[in-house]
Structures are given as structure tokens and as C-alpha cells.
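**Q** structure, please.
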Amino acid sequence: MNTRKCVFIAGYYGFGNLGDEAVLEAMLADLRCVAPQCEYVVASESPAGIAAAYGVHSILWRDSEAVLNAVDECDVVLLGGGGILSVSGQYDPALLLTEGHNDFSCFKFSLPIMAYLMDKPFMIYAAGAHIGTPKAALRHLVLATEIADMITIRDSSSKIILDEFGCNVSKAAVTADAAFSLAPVANERVRAILKREGIPRRHPIVLAALRSNSGREEQWEQEMAHGLGKFAQARKAFVLFVPFSKNVNSSENNDLAVIERVRAFIPSSVESVVLQENLRPSEVAGIVASCDLVIGMRYHSLVMAINGHVPYVSLVYDYNDPKMLDLTYESKLTPFQLDLLSLSSQKLLRALEQAYLERGRIWNYLRKIQPKLAQKARLNAQRAVKLLERPSWRRNCSPRIHRFFEALLLQKVKLLIQEQKQLKAFIKVIRTLVDKQEPATALSLLENLPRDRWFYHDPAWNYLVAFLLHTQQRDLVTALHCYDLALQRGFSEFWIRYNRGALYIELGDRDRACQDLRRAIELDPRHEGTQKLLQRLEGGTQS
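**A** Below is the predicted model:
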């Protein structure tokens with residue numbers, strides 16, 4: 001019998017975003033440090049790749065049945081980290097808990113609901129948020145924080161934003177992004193990668209991590225190229241472009257396209273290379289640490305720069321998202337923070353020159369603050385493990401949350417039963433409510449099903465329908481029919497005989513009641529409830 005604890009982790013993993021993979025790699029390392037005995041299951045876009053890279057079991061986040069089973073079988077659910085609480089673009093609340101959609105935002109807000117239904121501890125792990133969250137998503141964001149048994153936030157601005165949204169932040173602790181504890185690979189490994197990529201071991205090396213900015217590229221790309229080119233010519237620097245996202249199907253997440261346009265404007269006398277190999281985050285972190293200067297539009301390129309004590313110039317592209325501003329403020333490098341929309345080649349050149357000239361001072365300062373940030377990052381895992389240490393788990397949510405669940409589940413019933421796979425998930429929800437001794441809520445969901453679905457061929461389902469109708473005294477004739485179906489289709493004979501015998505008593509059929517109860521005693525002679533029912537029946541009283 002496997003007694004190992006299991007942790008289920010969900011986040012924006014397997015999509016080819018190096019920053020999110022850095023969060024996962026650091027997160028798993030920290031969790032394994034404090035809970036080495038645990039098993040880890042990760043919901044991702046690329047289960048095979050995630051499983052091979054990190055030694056975990058991984059499932060497809062869009063596979064609703066697999067996700068529901070994973071939540072049911074785990075001991076704690078973690079949602080994080082990174083900007084997991086941020087929602088951009090359109091959000092359709094009707095897709096919550098719905099099979100067969102590609103809306104990751106609806107998936108992540110479904111998880112706390114699943115955890116609640118399965119009575120599992122739920123934690124929001126080192127998360128960030130931004131101002132531009134659509135109103136349609138706010139209700140589900142507030143619900144997630146209400147359900148969460150523990151919340152850690154990666155920066156103070158995100159906590160303020162969540163508070164303004166009306167989220168429950170009283171239990172939220174500001175820690176640090178999980179990637180601050182990411183350990184880079186050894187120097188020997190870094191040198192081998194640089195050699196393969198054709199990157200010379202001479203200095204200075206400037207690493208540039210650029211990204212799209214929602215159609216405003218032409219406004220800043222030439223200024224970026226001219227400023228970077230002038231600095232590289234003056235310092236005889238080598239420029240290394242690192243794409244943190246290579247999603248060619250997304251204009252916002254295809255860093256390669258932006259990089260190639262910028263490179264086209266850089267003078268031919270400047271040596272530059274685009275990192276081509278698909279590397280693990282810890283390997284990229286080692287490369288960043290080997291550079292002399294970083295230009296970063298990608299948040300985690302700056303996290304890696306701080307981890308490696310490398311001076312950086314940050315480019316703020318979205319003031320609705322506080323992560324870049326908070327990070328630069330935390331690292332006391334505000335003078336090296338530039339607004340992308342007002343970027344000029346001269347501003348960039350001055351910032352690069354100043355950062356390079358002050359690199360010794362900056363290196364010393366980052367060397368002092370990085371261990372503190374790493375310690376804060378490890379607090380996330382330490383807090384998560386506390387949820388595993390609790391011997392039992394019973395929720396005590398507010399009446400408002402109970403009302404939300406009842407209304408939401410009633411709304412979702414018809415969508416969840418459109419296919420057999422979805423009905424199986426619904427059966428699991430009904431069974432969970434029965435196990436949690438909430439038969440009235442379970443029956444309210446059942447009664448919103450078309451009646452022909454009450455007789456679905458699954459024996460466990462037939463028994464659940466019969467049990468709910470019987471114990472809640474709604475439709476005893478249909479309950480009897482469903483008990484019969486369950487018995488014919490192979491459900492546990494004892495429980496059917498026991499409950500059907502009790503039902504026959506209520507229907508006034510003493511002969512069939514005696515027959516069922518006597519058979520139940522043959523199957524389990526030690527069951528006191530059956531014995532008492534039969535004794536009362538044979539003694540001439542009815543219950």
C-alpha cells in the first residue's frame with residue numbers, strides 16, 4: 001500500500017515559456033528539499049516533456065477527467081506561481097468547469113472549486129496579479145482567494161491589487177517569486193553550452209531578453225537596436241539574444257520574431273548570436289550569470305540577473321502589471337529602469353554605460369540581497385508543506401461561498417453531462433457530496449438532470465440516484481427501480497439489499513423487505529443496522 005503524500009501542482013507549464021519553467025524547476029526543488037518523501041503531479045501543456053525534465057508525473061491540463069482524478073487522489077493542491085492570478089484578454093465565465101475548451105484562465109479558476117469539492121487543502125503559491133483583469137474574471141478570482149487555505153504573493157503591489165479587487169488577502173503573505181531560489185548549473189556546463197552555441201569566452205557579453213509589446217514594436221525596436229549597437233561598438237561587446245518564449249503561434253509570446261527584427265537594425269560590425277538550444281531554466285540561469293550586463297523585458301531574465309549578481313537595465317512595457325516596477329525597486333536599480341514607449345537610443349545608451357561603469361558596486365549589492373530573496377522564495381514551499389502536516393481536513397467556508405457553489409453547480413449540470421466522460425466527472429461530484437454528508441445539495445443537482453439520465457447504465461450511478469431519492473424521500477418508486485438497476489449491473493449486493501430492504505418497509509412490502517434483509521445478513525452477519533431492521537420488522541413494527 002502506497003502511503004506517500006502527493007502534491008498536485010498546476011500552473012502555466014509546458015507552453016515553452018522559460019520564465020514559467022524556471023518557476024516550476026525552482027518550486028519542485030524547494031518542495032523536494034522540505035518534503036523529499038512526496039510524489040508530485042503537474043498539470044501542463046506538454047506532459048511528456050515536463051515528466052522527462054523534472055522527474056514528475058504530468059497530465060494534460062485540458063483533460064478534465066485526469067485533472068479531477070489528480071485532485072481527488074492528492075493531499076494538497078498548489079496553484080502557482082508566476083503571474084497565475086493575472087487574466088488578459090477575453091474571459092468567458094460559462095466555460096468554468098467545462099470539458100473541451102482551451103481557456104487556461106477558466107482551468108486555473110476551476111481548480112479551487114475542485115479542491116473544495118474534494119475537501120483538499122488549496123494554496124495559491126507565489127502568485128502575481130495585474131490591474132487589467134477583466135471584470136468577468138474577478139468573481140472567480142475573488143472566489144479562489146476565499147477558498148484558498150494559504151496564499152503567498154510574490155510582490156507587495158500584487159497584494160494591493162488583489163485587495164482592491166475585493167479578494168481575501170488577510171491570509172496572504174508577501175514572499176518572493178519562486179525562481180529566486182533557482183540554482184544555476186555548474187560553470188563547466190555553462191562553458192560547454194556557450195561553445196556549442198558559438199559564443200566566445202571574451203567580455204563584455206550583453207544578454208538581451210526581448211518580447212513583443214502588443215503591436216507597438218516599430219516604435220521602439222529601431223531605438224533599441226541603435227542604442228545597443230552603439231554600446232556594443234564602443235565597448236567591443238558581444239550581444240547574446242535569449243528568447244524566453246518561442247511560441248510561434250502567439251504574436252505576444254514569439255520572442256524570436258522580435259529578436260530578429262532588432263538584430264536586422266544592429267550594425268554588421270557588432271557580433272551577436274541568438275541562443276537556439278532548448279535549455280532548462282537552470283542552464284539559462286548559468287548563462288545569464290556568466291554575462292556582464294542584461295537588458296530585460298522578460299521578468300525572469302531580471303530574476304536570473306539578480307540571482308547571478310549581474311547588472312541589468314529593465315524595460316517596462318505594461319504599467320498595469322507591477323512586476324517589473326516592483327522587482328527594480330526591490331533590487332534598488334530604479335535608475336536603470338526605462339519606459340519602453342518613450343525609449344530612445346540615447347536613453348538606452350546612457351543606462352547601459354552607467355550600469356556597466358557601476359558594475360562592481362551593483363555586483364556587490366546584488367550579492368547581498370539575493371540570499372534574502374532566495375530565502376523568501378523558499379518560504380513558499382515551507383508554507384505549502386504545512387498543509388500536508390495536518391492529520392485531517394474539514395472546510396469551514398462562509399455561507400456566501402456555499403451559496404456560490406450551489407448556484408454554480410446547478411448552472412453547470414447540463415454542460416457537464418453532454419458526453420459520457422463528463423457524466424463520469426459529474427458522478428464523482430455527486431459521490432463526493434454524499435460522502436461529505438451533503439445529500440440535499442447532491443439531490444438538488446440530480447433533479448436538474450433530464451430524468452432519462454437517472455437511469456444511466458453505470459451501476460454506481462444507479463445506486464447513488466436510488467440512495468438520494470430514497471433518503472431524501474422524493475420519489476420512492478424511482479428509487480426502487482434504480483436500486484434494481486444497480487443490482488442487475490453489479491453494484492455491491494449488500495448495500496443494495498440493506499437499503500432496498502429499508503425502502504420496501506417504507507413502501508409496505510414486508511415480504512420483500514424480509515427477503516432483502518435476510519440476504520444482507522448472509523452477506524455481512526456483523527452489520528448491526530441490518531439486524532435491527534429485521535428484528536423490528538419480524539417483531540411486527542415498522543420503521
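**Q** so, low pLDDT: which residues of the stretch 1-150 of the chain?
**A** Low-confidence regions of the stretch 1-150 of the chain, defined by pLDDT under 70, span residues 1-2, 98-101.
**Q** can you give me the strands in it?
**A** Here the stretch 1-150 of the chain has its strands, by DSSP state E, counting those that start in this stretch, at 6-10, 39-44, 57-60, 76-82, 122-127, 150-153.
**Q** what's the closest of those strands to residue 444?
**A** Comparison of the strands of the stretch 1-150 of the chain against residue 444 by CB to CB identifies strand 122-127 as nearest, at 23.9 Å. Heads up, the C-betas are built off the backbone N, CA and C, glycines and all.
**Q** just the buried residues of that closest one, please?
**A** Buried residues in strand 122-127, counted by 16 or more other CB atoms under 10 Å: 122-127.
**Q** which among those residues gets closest to residue 176?
**A** residue 126 (7.1 Å).
**Q** chain neighbours aside, what residue packs nearest to that closest one?
**A** By the measure of CB to CB, 6 or more residues apart in numbering, the closest residue to residue 126 outside its immediate chain neighbours is residue 81, 3.5 Å from it.
**Q** for the one you found, grab the count of nearby residues.
**A** 31 (other CB atoms under 10 Å).
**Q** what residue ranges in the stretch 201-350 of the chain score low on pLDDT?
**A** The stretch 201-350 of the chain contains residues with pLDDT under 70 at 214-217, 248-252, 319-320.
**Q** ranges for the strands of the protein?
**A** With strands called from DSSP state E, the chain shows them at 6-10, 39-44, 57-60, 76-82, 122-127, 150-153, 172-174, 205-209, 238-241, 272-274, 293-296, 312-316, 337-339.
**Q** okay, those strands in TSV with distance to residue 112 next?
**A** Shown next, in TSV, are these (distance: least, CB to CB, whole Å):
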stretch	distance to residue 112
strand 6-10	10
strand 39-44	14
strand 57-60	18
strand 76-82	7
strand 122-127	5
strand 150-153	11
strand 172-174	14
strand 205-209	32
strand 238-241	39
strand 272-274	40
strand 293-296	32
strand 312-316	31
strand 337-339	35
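**Q** mind listing the helices for the stretch 151-300 of the chain?
**A** Here the stretch 151-300 of the chain has its helices, by DSSP state H, counting those that start in this stretch, at 156-165, 187-196, 217-235, 255-265, 281-289, 299-307.
**Q** tell me the gap between the first one and the middle of its chain.
**A** Between the centre of helix 156-165 and the centre of its chain there are 19 Å (CA atoms, centre = their mean, to the nearest Å).
**Q** check the last one too.
**A** When C-alpha coordinates are averaged (CA atoms, centre = their mean), helix 299-307 and its chain have centres 22 Å apart.
**Q** mind listing what residue 58 touches?
**A** When contacts are counted by CB atoms under 8 Å, 6 or more residues apart in numbering, residue 58 touches 14, 41-44, 46-48, 50-51.
**Q** any idea which of those residues is closest to residue 339?
**A** Taking CB to CB as the measure, residue 339 lies nearest residue 14 of the contacts of residue 58, at 32.9 Å.
**Q** tell me, how many neighbours does the closest one end up with?
**A** 23.
**Q** how much space between it and residue 267?
**A** Using CB to CB, to the nearest Å, one obtains 38 Å as the distance from residue 14 to residue 267.
**Q** same thing with residue 47?
**A** Distance of residue 47 to residue 267, given as CB to CB: 45 Å.
**Q** neighbour count winner among those two?
**A** Neighbours were counted for residue 47 and for residue 267 using other CB under 10 Å; residue 47 has more, 20 against 12.
**Q** in terms of contact, does the more buried one touch residue 41 like I think?
**A** No - under the criterion of CB atoms under 8 Å, residue 47 makes no contact with residue 41, lying 10.1 Å away.
**Q** buried ones among the contacts of residue 58?
**A** Neighbour-count burial (16+ other CB under 10 Å) applied to these gives 14, 41-44, 47, 50-51.
**Q** quick check, distance from stretch 74-91 to the centre of its chain.
**A** With CA atoms, centre = their mean, you get 4 Å for stretch 74-91.
**Q** how long is that stretch end to end?
**A** With CA to CA, to the nearest Å as the measure, stretch 74-91 spans 28 Å from end to end.
**Q** same question for stretch 306-321.
**A** End-to-end distance of stretch 306-321 (CA to CA): 20 Å.
**Q** next, the buried residues of that stretch.
**A** Buried, per 16+ other CB under 10 Å, within stretch 306-321: 306-318, 321.
**Q** how about stretch 167-177?
**A** By 16+ other CB under 10 Å, the buried positions in stretch 167-177 come out as 167-169, 172, 174-177.
**Q** again, but for stretch 380-392
**A** Buried positions in stretch 380-392, judged by neighbour count with 16+ other CB under 10 Å: 380-385, 387-388.
**Q** chain center to that stretch: distance?
**A** 17 Å.
**Q** quick check: residue 494 touching residue 520?
**A** Yes - Residue 494 is within contact range of residue 520, at 5.6 Å (criterion: CB under 8 Å).
**Q** which neighbours do those two have in common?
**A** In contact with both residue 494 and residue 520: residue 527, using CB under 8 Å, 6+ apart.
**Q** okay, these two: which has more neighbours?
**A** Neighbours per residue, other CB under 10 Å: of residue 494 and residue 520, the larger number sits with residue 520, 26 against 16.
**Q** how about that one: what's its closest non-neighbour residue?
**A** Closest residue to residue 520 apart from its sequence neighbours, by CB to CB, 6+ apart: residue 497 at 3.9 Å.
**Q** list the contacts of the one you found.
**A** Per CB under 8 Å, 6+ apart, neighbours of residue 497: 487, 516-517, 519-520, 523.
**Q** for residue 176, same thing?
**A** Applying CB under 8 Å, 6+ apart to residue 176 gives the contacts 126, 154-155, 373-374, 376-377, 379-380.
**Q** what is the most widely separated pair among these?
**A** The most widely separated members of the contacts of residue 176 are 155 and 374, with 15.4 Å between them, by CB to CB.
**Q** ok, the two, which is more surrounded?
**A** More crowded of residue 155 and residue 374, by other CB under 10 Å: residue 155, with 23 against 19.
**Q** any idea how far residue 80 is from the more buried one?
**A** Plainly put, residue 155 is 13 Å away from residue 80 if you go by CB to CB.
**Q** which residues pair with the spatially closest residue to residue 208 that is not a sequence neighbour across the strands?
**A** Once flanking residues are discounted, residue 208 sits nearest to residue 295: 4.5 Å by CB to CB, 6+ apart. Counting by DSSP bridges, residue 295 is bridged to residue 208, residue 313.
**Q** so residue 295 sits against residue 352, correct?
**A** Yes - with contact defined as CB under 8 Å, residue 295 and residue 352 form a contacting pair (7.4 Å).
**Q** which of those two has more neighbours?
**A** Between residue 295 and residue 352, counting by other CB under 10 Å, residue 295 is the more crowded of the two (28 against 24).
**Q** let me see the contact set for that one.
**A** Residue 295 makes contact with 206-210, 228, 312-313, 315, 348, 352 under the criterion CB under 8 Å, 6+ apart.
**Q** name the nearest of the residues you listed relative to residue 253.
**A** Nearest to residue 253 among the contacts of residue 295, with distances taken as CB to CB, is residue 210, at 12.2 Å.
**Q** for the closest one, give me phi and psi.
**A** phi -110, psi 160 (degrees, to the nearest 10).
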